[in-house]
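J.: Below: sequence and its predicted model.
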Amino acid sequence: MSTGYRYLYRKISLRDVLYYLYVKLIAATVLRRTIKMIKSSGLFDEETYVKSNPEMDLGGVDPIIHYLLFGRYYGKIPGKDFLKAFFVNTGSHKIQAKFSLFQWIFHKRDQFRIISQKELIDTVRQDQPPIINEIKVEIEISDLYKAYQLPETDPCYEKEDSQEIPETTLKLIAYYLPQYHPFKENDEFWGRGFTEWTNVTKARPFFKEHIQPRLPGELGFYDTRIKDVMKRQIELAKQHGIYGFCFHHYFFQGKPVMRVPLNQILSNKEMDFPFCLHWANESWSTRFDGYGREGGMLIEQKHSAEDDLAFFRDIEYALNDKRYIRIDGKPLLLVYRPGLFPDIESTTNRWRECAARSGIGDLFLVMIQTGFDEFLDPTEYGFDAAAEFPPHRSRNISIRDRVKLYDPDFKGYVCSYQDVMKGSIEREKPEYRLFKGIFPNWDNTPRIRNSVIYHGSEPVLYQEWLESIGRYTKQNFPSSQQLIFINAWNEWAEGAYLEPDRHYGYAYLNSTSRALRNIATNKP
């Protein structure tokens, strides 16, 4: 026996051999289960995979095994519906669990752990093309001009309809984005004079019937430093049945940001309109979605016990305002990302103690259900209720293969608005208190590269959705707690707004008031 072999022999123990066999057994078992999971999902189109990849000689190998070992490394996709499962935030937790395991084996195997939902979505967004067999067409001049056509020329366009709305116990609360005025931090991050309109106006259409850019109607490219802007927003909201605004609130370790709209309403008592606060408690990054990877962090969010107290001091003045929305006498406070707190239950206890000491009484705390956190039951974390925040945790069906793409480099997703609506309506009532949410539209192509478009939204569908969840809310909640959250009043760079625009006019506002009238009069 040579010196080299003697050395190797001395280094390998019985324990090493057993460990090697154990690892091989585990790997084989996991691979076998993965193949079984993919087969049972029905999403792997074996015939399509074989036919669409003739250059890859399968040599009699099972197509699923071939894909796992070779095809995935070359960007091959086993059928147009396969990757759709990666983008399911909710609805089918079983499917997501299956593909979490799949991603663990072939993307994260060195770390030897199951990846989180956020990482799952991130991995797919970065490493996998969304679909195959896309329809590509040349953009036409008329498509570019469409956004700038004269108002009232589109069949969906509506003039303002301010018919009287019957009294109702339903409270429609619309999220209000305050980023329509320049301020120091945005000037530093994005350039002097940056507002949300900067993103809105750089948008372009990516396929036929893609409505971009979104151009405002009556209110124009407004600046919320002008008092009359919010006065008219309140007037429009009241006339069309919106109960109140929920301001996205930004606070970073004692640093308040983007406060002009809130300060406007607090300092002008004649703006008689209910409002509440939603703490958007995530870091600001150049990606605009809280992940903070591309380009780095702008303002980091760090939570601590001291920060909990500082936050309460920051909002205490607003909570004491007579117009602040109360549920059963308790100020309504929403939190976006409870999972970012080191101990969220301790935080909610601190806030309740602060409220009691200040004479406010108790708080009505609501946590948002997003795709970032796995939190579902609010009572487990010190909250009174949860609220849907669509399109988070929506049922997403890709229709990208049905649209006629102009840009082959478009990296976004195109999903069905109608299917999201259907999934919301069909969602079973949970055992805990969950307020329904709705959005009129969604298209964040002006903001981020890996965008999501919910195509097919029309005012009539939004109205149908609102009527359905309105009736659900009246049937399942006491009159003092019949809340519905609308995403949003003015998220223009995400295509989620009720404010009048050049394409639809006042159609979404009118649909809101029509829905309330139909619910009140029991019209189908």
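T.: On my side now, so go ahead. Residues are numbered from 1 along each chain as shown.
J.: Helix or strand: which one has M367?
T.: Assigned by DSSP states H and E, M367 belongs to strand 364-369.
J.: Okay, helices next: where are they in the stretch 401-524 of the chain?
T.: Secondary structure of the stretch 401-524 of the chain (DSSP state H, counting those that start in this stretch): helices located at 417-426, 459-476, 507-520.
J.: and the longest one, what's its mean pLDDT?
T.: Right, helix 459-476. For helix 459-476, the mean pLDDT works out to 97.
J.: how far does that helix sit from the chain's center?
T.: Computed by CA atoms, centre = their mean, to the nearest Å, the chain-centroid distance of helix 459-476 equals 20 Å.
J.: and the residue nearest the centre of the chain, what pLDDT?
T.: Centroid-nearest residue in the chain: H392, 3.8 Å away (criterion: CA atoms, centre = their mean). pLDDT, H392: 92.
J.: Find the nearest non-adjacent residue to it, please.
T.: Spatial nearest neighbour of H392, chain neighbours left out: T370 (4.4 Å); criterion: CB to CB, 6 or more residues apart in numbering. For every residue, glycine as well, the C-beta is placed using N, CA and C.
J.: Just after the strand holding M367, pick out the following helix or strand.
T.: Once strand 364-369 ends, the next helix or strand along the chain (criterion: DSSP H and E) is strand 385-388.
J.: hang on, the earlier thing: what separates the residue nearest to the centre of the chain from C354, distance-wise?
T.: Distance, H392 to C354, by CB to CB, to the nearest Å: 29 Å.
J.: next one: stretch 221-231 to chain centre, how far?
T.: 27 Å.
J.: what does stretch 219-227 give?
T.: Here stretch 219-227 is found 26 Å from its chain centre; the criterion is CA atoms, centre = their mean.
J.: do stretch 418-430 as well
T.: Here the centre of stretch 418-430 is set off from its chain's centre by 15 Å, with CA atoms, centre = their mean.
J.: cool, stretch 346-358 as well?
T.: For stretch 346-358, the distance to the chain centre is 29 Å (CA atoms, centre = their mean).
J.: try stretch 235-246
T.: 23 Å.
J.: got the CA coordinates for that stretch in CSV?
T.: Extracted C-alpha coordinates of stretch 235-246, given in CSV (Å, rounded to 0.1, in the frame of the first residue of the first chain):
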residue,chain,number,x,y,z
GLU,A,235,-64.5,66.8,-1.0
LEU,A,236,-64.2,64.2,-3.7
ALA,A,237,-63.8,61.4,-1.1
LYS,A,238,-66.9,62.4,0.9
GLN,A,239,-69.1,62.8,-2.2
HIS,A,240,-68.3,59.3,-3.3
GLY,A,241,-68.6,57.4,0.0
ILE,A,242,-65.0,57.2,1.3
TYR,A,243,-65.3,57.3,5.1
GLY,A,244,-61.7,58.4,5.8
PHE,A,245,-58.0,58.4,4.8
CYS,A,246,-55.4,56.1,6.3
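J.: domains in this structure, as residue ranges please.
T.: For the chain, automatic domain parsing gives the domain ranges 3-128, 150-520.
J.: now do the same end-to-end measure for the longest one.
T.: Right, the one you point to is domain 150-520. Start and end residues of domain 150-520 are separated by 35 Å (CA to CA, to the nearest Å).
J.: returning to what we had before: need the winner for burial among the helices of the stretch 401-524 of the chain.
T.: For the helices of the stretch 401-524 of the chain, the largest average neighbour count (mean count of other CB atoms under 10 Å) is found in helix 507-520, namely a mean of 22.
J.: W190 reaches T198, doesn't it?
T.: Yes - here W190 lies in contact with T198, judged by CB atoms under 8 Å, at a distance of 6.9 Å.
J.: List phi and psi for I165.
T.: The phi and psi values for I165, taken as degrees, to the nearest 10, are phi -100, psi 130.
J.: how close does it get to L236?
T.: I165 is 13 Å from L236, by CB to CB.
J.: of those two, who's got more company?
T.: The neighbour comparison of I165 against L236 (other CB atoms under 10 Å) goes to L236, with 20 against 17.
J.: The more buried one - that's part of a strand, no?
T.: No - using DSSP: H, G, I helix; E, B strand; the rest coil, the assignment for L236 is helix, not a strand.
J.: contacting residues for it?
T.: Contacts for L236 (CB atoms under 8 Å, 6 or more residues apart in numbering) come out as E499, P500, L509.
J.: Check the residue lying closest to the last one once chain neighbours are set aside and give its pLDDT.
T.: To tie it back to what came earlier, the one meant is L509. In space, and not counting its chain neighbours, L509 is closest to H240: 4.2 Å by CB to CB, 6+ apart. Looking at H240, its pLDDT is 97.
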